[in-house]
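Colleague: coordinates only, sequence not included:
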């Protein structure tokens, strides 16, 4: 026997490349399959199984327990005829639009400013980002206190002599969503700024030289050249911000708990309330299915960018 | 995607141009807006109630008192009981530590299997896992309540730990998969030729080479789990409510006089752990959220 043949016959290769289909399916890579089994189980049981379960039972009239009879789209019809849901959905739409636009614009502007070779960049970034490390509950409670009409900002300004100063958004039915917006922006814009800054820094530096040679003003270079080049980062950021907005829950619980009245209710809170407090499971599951659909509609643009036909730059 | 690259913007000619002044002006005003709540939290927590009732929320405390902090920690009331935040703090520790360890370990092994030990369908499962991270939690909440009830762990720490492990999977697996894929494959192949198996390569080669990404993953999980409210309130059971839930109960409980200084002290205490993690870890935290958010 030559050396090569004995190597072939005796060592690792024998264990890794044996004959037989059954072996390939069940024995080959067995450690890896065992190790990956939690992932497979989570995917199959939770992300696929639980989601299908919820969609299925949203078509039943289940109350406290999931044992109701099949009722077709009745729960959905009832959902959109419920005042509380309509307010929740409209609130989320209003809050979401403002939140999305402001988060993206403020995040981008801050990132551009941070990109001007400023001093103490790390320090400023630390300041802009720290709220993101805090929970929605903490954020909500701090801003609840600052915006407290009797002892917070309003009374402080009045005490300084501006006796007509009014800042009662948190107790004002028409303005409470903007109070939510102030707290939400404080929490989330730093994160968008960091992502945008990373995007700006990944743009080829030669662009700047070329733009300067052509005499294009800085702000135009940012908007017309750099921004389109950051398409990937921007779409990813959009997806993250959107799915965060749809999930808005603990911030509302801490800041206003849905009040005054129903004026700051959101869908996520509607689901939890009907699921656990009101014992109307069918409604809760229908509402959460609508949330799911919303998220997947929002995901479509991301899919097109990530997996669609690639443009050549 | 790197976060610590050089600034790529145009180089300023001199320091005191109008553009420069406006740039710094806006940044400083923005920084004040971001710092304001932290300042208000700290000053309010150090004031006595009479001083708070004067109504100047921005004034520094005339007389510094640490009583609100003591009260928040030991005797603030959450509805019926008055044990302060301390039990909630320990509950959060008991939830965060095992959840972080289990979720990081499971995700690291999955990421390693996905890169080095591909099997039929592994990429498919990974794609579904990533998509799953966009499903609103409310959609999977009730079935998970039923599953944990079947396993007889609903309302215990085990349930919360399981839930955190499940929902930490997508982002952590992505993190580890991308990191392991960036390591030189020759190392893995050499170890294979030497006859090392799945676990041996993992523990003796991959883990020692991946300490940075473990740090990022741990930072991500500790802050995320500590800040969680929804899973704690649903799965933990009243005895095991984490700090965020107890904090909300203390501050938003309707009975009695509202003690704003105690509330703010309690809020800082709850925020302390993620804040310390954030300030100590600095760039790692930034790397973690950027790597988790922007693929590759």
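Modeller: That came in fine, so what should we check first? None of these values were measured; they are calculated from a predicted model.
Colleague: Give me the most central residue, chain A.
Modeller: For chain A, the residue sitting closest to the mean C-alpha position, by Cα atoms, centre = their mean, is residue A:244 at 2.3 Å.
Colleague: secondary structure class for that one?
Modeller: helix (DSSP: H, G, I helix; E, B strand; the rest coil).
Colleague: How much space separates it from chain B?
Modeller: As judged by Cβ to the nearest Cβ, to the nearest Å, residue A:244 and chain B stand 10 Å apart. Glycine gets a C-beta too; all of them are placed from N, C-alpha and C.
Colleague: before we move on, which element is the closest residue to that residue other than its chain neighbours in?
Modeller: In space, and not counting its chain neighbours, residue A:244 is closest to residue A:188: 6.9 Å by Cβ to Cβ, 6 or more residues apart in numbering or on different chains. Assigned by DSSP states H and E, residue A:188 belongs to helix A:176-202.
Colleague: Pull out the buried residues from that helix.
Modeller: Going by neighbour count (16 or more other Cβ atoms under 10 Å in any protein chain shown), the buried part of helix A:176-202 is A:176-177, A:179-202.
Colleague: cool, and stretch B:76-89?
Modeller: Result for stretch B:76-89 [16+ other Cβ under 10 Å]: buried residues B:76, B:77, B:78, B:84, B:85, B:86, B:87, B:88, B:89.
Colleague: tell me the SS of the fourth one?
Modeller: I take that to be residue B:84. coil.
Colleague: what's near enough to touch the residue nearest to it when sequence neighbours are not counted?
Modeller: Among residues not flanking residue B:84 along the chain, residue B:74 sits closest, at 4.3 Å (Cβ to Cβ, 6+ apart). The contact partners of residue B:74, by Cβ atoms under 8 Å, 6 or more residues apart in numbering or on different chains, come to B:83, B:84, B:86.
Colleague: what are the ranges of the strands in the stretch 51-200 of chain A?
Modeller: Assigned strands in the stretch 51-200 of chain A: none (criterion: DSSP state E, counting those that start in this stretch).
Colleague: from it, which residue is nearest to chain B?
Modeller: Residue nearest to chain B within the stretch 51-200 of chain A: residue A:135 (3.3 Å; Cβ to the nearest Cβ).
Colleague: so that residue makes contact with residue A:187?
Modeller: No: in this structure residue A:135 lies outside contact range of residue A:187 using Cβ atoms under 8 Å: 9.2 Å.
Colleague: Run a quick neighbour tally on residue 53.
Modeller: Went with chain A since none was named. Residues contacting residue A:53 under the criterion other Cβ atoms under 10 Å in any protein chain shown number 20.
Colleague: let's do chain B instead
Modeller: When neighbours are counted by other Cβ under 10 Å, residue B:53 comes out with 12.
Colleague: So for residue B:202, what's the nearest residue that isn't a sequence neighbour?
Modeller: That would be residue B:112: by Cβ to Cβ, 6+ apart, it lies 5.6 Å from residue B:202.
Colleague: in the helix or strand where that neighbour lies, what counts as buried?
Modeller: Using DSSP H and E, residue B:112 sits in helix B:86-116. Within helix B:86-116, the residues scored as buried using 16+ other Cβ under 10 Å are B:86-89, B:91-92, B:94-96, B:98-100, B:102-116.
Colleague: Name all residues that make contact with residue B:148.
Modeller: Taking Cβ under 8 Å, 6+ apart, one finds B:154, B:159, B:162, B:163, B:235 in contact with residue B:148.
Colleague: would you say it is within a strand?
Modeller: No: using three-state DSSP, the assignment for residue B:148 is helix, not a strand.
Colleague: Roughly how far does it sit from residue B:227?
Modeller: 21 Å (Cβ to Cβ, to the nearest Å).
Colleague: where in the stretch 1-150 of chain A is pLDDT low?
Modeller: For the stretch 1-150 of chain A, the stretches flagged by pLDDT under 70 are A:1-21, A:23-28.
Colleague: Count the residues that sit near the closest residue to the residue of the stretch 51-200 of chain A closest to chain B other than its chain neighbours.
Modeller: Once flanking residues are discounted, residue A:135 sits nearest to residue B:227: 3.3 Å by Cβ to Cβ, 6+ apart. Counted with other Cβ under 10 Å, the neighbours of residue B:227 add up to 25.
Colleague: per-residue confidence for residue B:227?
Modeller: What the model reports as pLDDT for residue B:227 is 93.
Colleague: Surely it and residue A:140 touch.
Modeller: No: taking contacts as Cβ under 8 Å, residue B:227 lies outside contact range of residue A:140: 11.9 Å.
Colleague: just the helices in the stretch 51-200 of chain B please.
Modeller: B:67-74, B:86-116, B:122-132, B:137-150, B:157-182, B:185-193, B:198-201 (DSSP state H, counting those that start in this stretch).
Colleague: Enumerate every residue touching the residue nearest to residue A:179 when sequence neighbours are not counted.
Modeller: Spatial nearest neighbour of residue A:179, excluding adjacent residues (Cβ to Cβ, 6+ apart): residue A:169 at 3.9 Å. By Cβ under 8 Å, 6+ apart, the residues touching residue A:169 are A:147, A:175, A:176, A:178, A:179, A:182.
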